[in-house]
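Enquirer: based on what follows, work out the 3D shape:
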Amino acid sequence: MTPQNIKNIYLIAICGTGMASLAGLLKEAGFNVSGSDSNIYPPMSTLLADQGIEIRPGYRAENIPADVDLVVIGNAVSKTNPEVVAVLEAGLPYTSFPDALARFFLAERKSLVVAGTHGKTTTTSLLSWVLHATGRKPGFMVGGWLKNFDSNYRVPGGEFFVTEGDEYDTAFFDKEAKFLHYRPHGAILTGVEFDHADIFKDLDHIKDAFRKFVELIPEEGLLLVRFGDPHASDILNKVRCPVESYGLRAGADWCGENYRFANGVGCFDLVYRGQVQGEVRLPMIGRHNGENAVAVAALAIRLGLPADEVCGAFAGFRGIRRRQDVVGEKNGITVIDDFAHHPTAIALTIEAVKEAFPGSRVWALFEPRSATSRRNVFQEAFPESFRSADRVVIAGLFAPEGIAPADRLDPERVVRDIRAQGGCADYIPDVEDIVECIAANRQDRDVILVMSSGGFNGIHQKLLDRF
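Expert: Prediction:
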């Protein structure tokens, strides 16, 4: 069934981040959209309500409209879901979220995909903004909330569509990675490490998914790869397109030279194989975000955009919620929200905050919440990732019952290991007790960096209220 023959679309598990964004894209593109979910809450429920998209609470066969032309099934539900059972029994046309995105928005466009273990959301957001700021009217779908657009998606008005390429699996009926559906013309690979222990058995399994992805890029396309990534070479053997490297280190094809951070802005000279392209001024903290900006600038210039326009566009970027996001300041104490939950991301985020707030103590608050961080696969790696924090608080595992006891992370051991390395750390399972601990031990100009892949029981506002 082609998009031209489809009018009414129904999404099962519509309140997921990707599914809600897809629903909004489809609605703005002129389709009649509705859906269902068992977890209806902001911000996705608000996004859908603002679009006038009906959400039917719970999963029941009778929720499915009689005139539905296509059902999109999210990967949050299984084949035993009552609505999925009804779809299969009735023989209704159905597809996955990634396939629907490709079918309705990527066909006949230049699909630009950002993939990698870290930095996908920031890099995708930066690329979307640069293309927009230079007048290219891109469509995009991002896993974070872009402050410039007050949204995480946009219907395309030009030839480009930018997608955050998730390596997580697609649906119960398609166990391949989502990004294998995205028809990449150009791509950025931010690096490859082990993650998603609930899906991938080891690093080689992860590499296999990325290998399949990069081999999709056509000869006329382009792949930007982070310079010095130890695992990238293992997946590039059969790539058909040109491959160029990027980074802040000498030796990269595209290099951000003379990086410095001052007054809330990271600055560097963009250099391509010895030729200066311009100066980039990025209002984001962290050298790792400087690297992300180099990748974006390289891809945009390679797509034919003038270098001066590209370099100048970064200054207008306003950031992403939950990525080094300052949520408030009260009586000299700053609270920052971040999504970091992998050891590498945690270390880079702490270092970035230390650089941005010189002379301040940085508290690192971490909630082991993601499917991987709750497991013991990073038991040995976590302590070192907190090395540069002045004080560390590790909370209790989120929903530990979802992980077999033998496979669970031991947060108390993480704390003991941090202390053994000379760090100051505490294990405090309860959010209210964490707030009281910080309130009792705070100092002027402290920065509280909260890291979790979820809401952390509203600890950010509780801290601000307590201060």
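Enquirer: quickly list the domain ranges of this structure.
Expert: According to automatic domain parsing, the chain comprises the domains 3-95, 108-316, 325-466.
Enquirer: out of these, which is the most enclosed?
Expert: Each of the domains of the chain was scored by mean neighbour count; the highest is domain 108-316, a mean of 20, by mean count of other C-beta atoms under 10 Å. Where you see a C-beta, it was placed from the backbone N, CA and C, and this is true even at glycine.
Enquirer: one step back: and of the domains of the chain, who's closest to A102?
Expert: Proximity to A102 (C-beta to C-beta) singles out domain 108-316 among the domains of the chain, at 4.8 Å.
Enquirer: tell me the mean pLDDT for that closest one?
Expert: Regarding domain 108-316, the rounded mean pLDDT is 95.
Enquirer: the helix or strand L25 falls within - what's its average pLDDT?
Expert: According to DSSP states H and E, L25 maps onto helix 17-28. For helix 17-28, mean pLDDT is 93.
Enquirer: and that helix, how far from the chain's centre?
Expert: Centre-to-centre, helix 17-28 and its host chain are 17 Å apart (C-alpha atoms, centre = their mean, to the nearest Å).
Enquirer: try stretch 18-37
Expert: 20 Å.
Enquirer: quick check: N376 touching R408?
Expert: Yes: using C-beta atoms under 8 Å, N376 is in contact with R408, at 6.2 Å.
Enquirer: circling back: what's the helix holding L25 packed up against?
Expert: With contacts defined as 3 or more C-beta pairs under 8 Å, 6 or more residues apart in numbering; DSSP states H and E, helix 17-28 has these neighbours: strand 8-12, strand 32-37, helix 44-50, helix 97-101, strand 139-146, strand 151-154.
Enquirer: outside of it, which residues touch it?
Expert: When contacts are defined by C-beta atoms under 8 Å, 6 or more residues apart in numbering, helix 17-28 is touched by residues 9, 11, 13-14, 33, 35, 44, 47-48, 51-53, 72, 74, 76, 97, 100-101, 104-105, 139, 141-143, 151-153, 155, 166.
Enquirer: related to what we said a few turns ago, quick check: which of the helices and strands packed on helix 17-28 is nearest to V353?
Expert: Closest among the helices and strands packed on helix 17-28, using C-beta to C-beta: strand 139-146, at 17.8 Å.
Enquirer: what helices and strands are in contact with the closest one?
Expert: By 3+ C-beta pairs under 8 Å, 6+ apart, strand 139-146 packs against helix 17-28, helix 120-133, strand 151-154, strand 160-165.
Enquirer: one more time with 7 Å
Expert: Other elements packing on strand 139-146 under the criterion 3 or more C-beta pairs under 7 Å, 6 or more residues apart in numbering; DSSP states H and E are helix 120-133, strand 151-154, strand 160-165.
Enquirer: now find how far off-centre it is within its chain.
Expert: 9 Å.
Enquirer: how about stretch 188-200?
Expert: Chain-centre distance of stretch 188-200: 12 Å, with C-alpha atoms, centre = their mean.
Enquirer: need the contact list for L70.
Expert: Contacts of L70 were listed using C-beta atoms under 7 Å, 6 or more residues apart in numbering, and they are 1, 6, 9, 93, 95.
Enquirer: looking at these, which one is closest to R466?
Expert: For those, the closest approach to R466 (C-beta to C-beta) belongs to I9, at 45.4 Å.
Enquirer: is it true that D174 touches F97?
Expert: No: using C-beta atoms under 7 Å, D174 is not in contact with F97; the gap is 10.1 Å.
Enquirer: where's D208 relative to D234, distance?
Expert: 10 Å (C-beta to C-beta, to the nearest Å).
Enquirer: that older thread, for V114, which of the helices and strands packed on helix 17-28 is the nearest?
Expert: Relative to V114, the nearest member of these by C-beta to C-beta is strand 139-146, separated by 8.9 Å.
Enquirer: tilt between the closest one and strand 160-165?
Expert: In terms of direction (axes from the mean of the first three to the mean of the last three C-alpha atoms, to 10 degrees), strand 139-146 departs from strand 160-165 by 50 degrees.
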